[in-house]
Every structure is written in structure tokens, then in C-alpha cells.
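**Student:** Sequence plus predicted model, see below.
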Amino acid sequence: MKPTLLRLALALVLLSWPWASAGAEEVSFPDLGSAIPGQKDVTYLDLARMVIPDLASNADGLYHGTLPIEMRHIAGPDSGGSPPETSSLPNAAVLAIKAGGKDRLAVLFDLGDSPDSAEGYAVLALYDLAGKPALLDAVNVAVDRSTYFREPNKLPVGPGDDVLITMSTHFNSSQGYVITPLIMVRNDKFELIDMIYTFDERLCAYSRKQDIAFHVVGGGQPHAAIKVTVTDATVPSGESCDDAPPKASSKDISVTYRWDRRTSRYLANSDALRRLSAENEKRF
């Protein structure tokens, strides 16, 4: 199966998994050849070419190009792999956001598999469309094989600022791995707040699911706090299996990120999610 068709099939399967996004209303998926609302003679392809300069449409209905521009990984210089030598895009994932009190456009391009990493390669690009469209920043946000915006896609942490939520994932027949970065925009540059690691499994005797909820807490200045809650639930299947099922259980693991004026960044109030990640790793 071609990589693009494989990733499309993966996306369709993801929708049936409990931890997958049910469809984000604020994210749109325009064809790259379509015009940008309010911009005369400017298309999403023009924006995409700021990331992949030789991107062009093909007879197969996709947009093909070679290497993207150089960019950093959102998690730092020791993270991520190289971009694929060629990419095929059916469309773009587009999200209007606020950053520093200004209107901005965030666009996510999943370019496919990295040639030297188990992770994929996905570009999160930030644009200013107030005048002539300009690319303000671009980072690789892939931390697993396939990358998407994750509901609720963005969190309004102030009247002029949104925090972005993406997700990278892969799965096999019985396990689903999800990494969820929280990303803010400061001075028109992307900055990582944290990554949240969750792990689902379906066995004969039971299923264990870890769902995430995000809430903005209060109205702190200059940025409101963000509460992240992972609900870790074990549900017996009721099937006749070789192994006895565990008892049904559910627990919430919560961490609140608050803006620290001294360090000018969000800080977690506990390491509970990191401990959950370590526990999950033992189950892989």
C-alpha cells in the first residue's frame, strides 16, 4: 500500500478507537489548491510552498514535493529524524489561532515516514495573513508515526493567546500508543509546554483505556492555568479467556500547568503524568 493511502487508512481506523479524536470542528482540511478566505489570489498551496518549495499537484490528485526547509524539532535538537526525500499531501490541517493578541494560522503537514527514525515527520507551520502571507515559524512535531491535531485542538489561555494540542500515534492489533504535545506560541515561535504519554490495550479478558481531558483553569495573568486529566479505566470484557480478568476500575491522574513569571514558562504542579508514563512503559 502506498504511504499516503496507508496513512489515510490509519486515520480512518483511529476514529473508531476510544482515545481517538471524534472530529475537530475548528480544524478544516482544505485542498491545497483552494483559495485562502480573504486573500486575493493566494492559495493554501502558496503557504505549503513556504515549507516545501517545489510542492506541485500531480495527476493522482495529490501534491508532491521533495525536501522541506530546515527546521528544528519541537522537543529540542536531540529529537526527531530526517525528513523524507519525497512527500505526498492530499490536503492541509488548518487551525485559526490567537498568538500575542494577533490572528495567526497554524497549519499541520504530515509528510510521512522519516528515513532514519521510527517517528514520522510532521511540520507545524505558523503564518501571518494580515498582509502578504508570511511564514513565521515551522517545527517538526512528530513524536510517533502519524500526527494530527487533537481535540480540542487549542485552549484559550488568555484573550489573545491559544495553546495548541497535537498528537502522534501508532497502534497494533491490541495496543495503541499516543503522545500528546502541548504547544504554546510566544513571540511568534512555537514552544513546547510538555508531552503527555498514554497507552491503551485490548486483551481477551479486559481492555484498559487512558483518555485525556483538558481544562483552562481560572484567568491567571498573563496566561491561565491548564489542567490535564488522564482517566485510566480497566473494563473486563466478559469473554471466556484463559486469563482471569482484573476487577473493573477507574482512576483520574491530574496535573495542572501554571505560568511561572520567574522562568517565563508553564510548570507542572506534580510529576504524576511522568510517573504514569513510566508505569505504561513497563506494560509495552
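**Tutor:** Happy to help now that I have it.
**Student:** what are the ranges of the helices in this structure?
**Tutor:** In the chain, the helices defined using DSSP state H lie at 3-14, 44-48, 272-281.
**Student:** worst average pLDDT in those?
**Tutor:** Here the lowest mean pLDDT among those goes to helix 3-14, at a mean of 41.
**Student:** Can you give me every residue that contacts the residue lying closest to residue 118 once chain neighbours are set aside?
**Tutor:** Among residues not flanking residue 118 along the chain, residue 145 sits closest, at 7.3 Å (Cβ to Cβ, 6 or more residues apart in numbering). From N, CA and C alone the C-beta is placed, and that goes for glycine too. The contact partners of residue 145, by Cβ atoms under 8 Å, 6 or more residues apart in numbering, come to 10, 113, 118, 119, 120, 168, 169, 170.
**Student:** If we only consider these, which is nearest to residue 210?
**Tutor:** residue 169 (12.4 Å; Cβ to Cβ).
**Student:** excluding its backbone neighbours, what's nearest the closest one?
**Tutor:** Spatial nearest neighbour of residue 169, chain neighbours left out: residue 178 (4.7 Å); criterion: Cβ to Cβ, 6+ apart.
**Student:** Same check on residue 280?
**Tutor:** residue 199 (4.0 Å).
**Student:** List the beta-bridge partners for that neighbour.
**Tutor:** With DSSP bridges as the criterion, residue 199 is bridged to residue 177.
**Student:** Any figure for the gap between it and residue 174?
**Tutor:** Computed as Cβ to Cβ, to the nearest Å, the residue 199 to residue 174 distance reads 11 Å.
**Student:** ok, now residue 129?
**Tutor:** Look at residue 129 and residue 174: by Cβ to Cβ, they are 44 Å apart.
**Student:** Among the two, which residue is more densely surrounded?
**Tutor:** residue 129 (17 against 11; other Cβ atoms under 10 Å).
**Student:** Now do the contacts for the more buried one.
**Tutor:** So residue 129 contacts 36, 38, 39, 103, 104, 105 (Cβ under 8 Å, 6+ apart).
**Student:** List just the nearest of those residues to residue 258.
**Tutor:** Among the contacts of residue 129, and counting by Cβ to Cβ, the member closest to residue 258 is residue 104, at 23.9 Å.
**Student:** mind showing which ranges of the stretch 1-150 of the chain have poor pLDDT?
**Tutor:** 1-25 (pLDDT under 70).
**Student:** can you pull out the strands in it?
**Tutor:** In the stretch 1-150 of the chain, the strands defined using DSSP state E, counting those that start in this stretch lie at 56-57, 63-65, 72-73, 87-89, 93-99, 102-113, 120-128, 134-140, 146-158.
**Student:** I'd like the ones you listed as a markdown table, with distance to residue 246 appended.
**Tutor:** Shown next, in a markdown table, are those (distance: least, Cβ to Cβ, whole Å):
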| stretch | distance to residue 246 |
| --- | --- |
| strand 56-57 | 52 |
| strand 63-65 | 48 |
| strand 72-73 | 38 |
| strand 87-89 | 43 |
| strand 93-99 | 38 |
| strand 102-113 | 36 |
| strand 120-128 | 34 |
| strand 134-140 | 39 |
| strand 146-158 | 28 |
